[in-house]
Every structure is written in C-alpha cells, then in structure tokens.
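Trainee: Let's see this in three dimensions:
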Amino acid sequence: MAGVWAAMASDEILVDARGHRCPVPTLRLRKALEAAAPGAKVRLLADDPLARIDVPHFAAQAGAKVLEQGEADGALSFLVTRMR
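Mentor: From the prediction side, this is the model:
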C-alpha cells in the first residue's frame, strides 16, 4: 500500500482512518484541521464508503476545501486544506 501513496507531499498532515467507520474518519479529519494552521493540507485515508459523502459535506461546513479526492486499493484519499 505504501507505493500507492508515495506521491504524498512531506508537508501534508496524514490522518489514516482506514478500518474505522462513520463518523470516526470525519472526526479525525476535524481534529487535525483544528490543530493545523490556516492553509495547512491534511490528507485523510479512509475505507468507509460513506466518507465520499461525509468529507466534502464536512469540509463545506467547516470552512475547509477538498483539493483532491481519489481511490486506490479500496482506500479513499482526500486532500483537504483549512481555509480559515
């Protein structure tokens, strides 16, 4: 699995929530974004299919922006930035 995510930038905060179900991935993303400075990038890895819906909805409500979204080997990847 490491090879799939090898392209992640070193300045990203990684939140690996694989193996957890809703709402845990979004809660972990929220906690990471709250601790991050504005403009910081957080990459969330999740394998709960509901994350496809939950993460963009959460980002819109929290003043964050989903910069990219992808899937590989059954895991979802979201790159989210804190806007405020």
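
Trainee: host element of Lys31?
Mentor: In the assignment (DSSP states H and E), Lys31 maps to helix 24-35.

Trainee: after that helix, next one along is what?
Mentor: strand 41-46.

Trainee: The residue lying closest to Leu45 once chain neighbours are set aside - how many residues pack around it?
Mentor: Nearest residue to Leu45 in three dimensions, chain neighbours excluded: Asp16, at 4.8 Å (C-beta to C-beta, 6 or more residues apart in numbering). Using the backbone N, CA and C atoms, a C-beta is placed for each residue, glycine as well. Residues near Asp16, counting by other C-beta atoms under 10 Å, number 14.

Trainee: Bridge partners for Val15, pull those for me.
Mentor: As for beta bridges, Val15 partners with Leu44 under DSSP bridges.

Trainee: The residue nearest to Leu45 contacts Ala32, doesn't it?
Mentor: No: using C-beta atoms under 8 Å, Asp16 is not in contact with Ala32; the gap is 10.8 Å.

Trainee: Might you list the low-confidence residue ranges for the protein?
Mentor: Scanning the chain for pLDDT under 70 picks out 1-10.

Trainee: Try it again at 50.
Mentor: For the chain, the stretches with pLDDT under 50 are 1-7.

Trainee: Let's check: the centremost residue of it is which one?
Mentor: Leu44 (2.4 Å; C-alpha atoms, centre = their mean).

Trainee: Quick check: the gap between it and Ala75.
Mentor: From Leu44 across to Ala75, the span is 10 Å (C-beta to C-beta, to the nearest Å).

Trainee: do Glu34 as well
Mentor: 24 Å.

Trainee: again, but for Gly19
Mentor: Remark: distance between Gly19 and Ala75 (C-beta to C-beta) = 10 Å.

Trainee: Now do the shared contacts for the two.
Mentor: In the contact map built from C-beta atoms under 8 Å, 6 or more residues apart in numbering, the residues linked to both Gly19 and Ala75 are Asp47.
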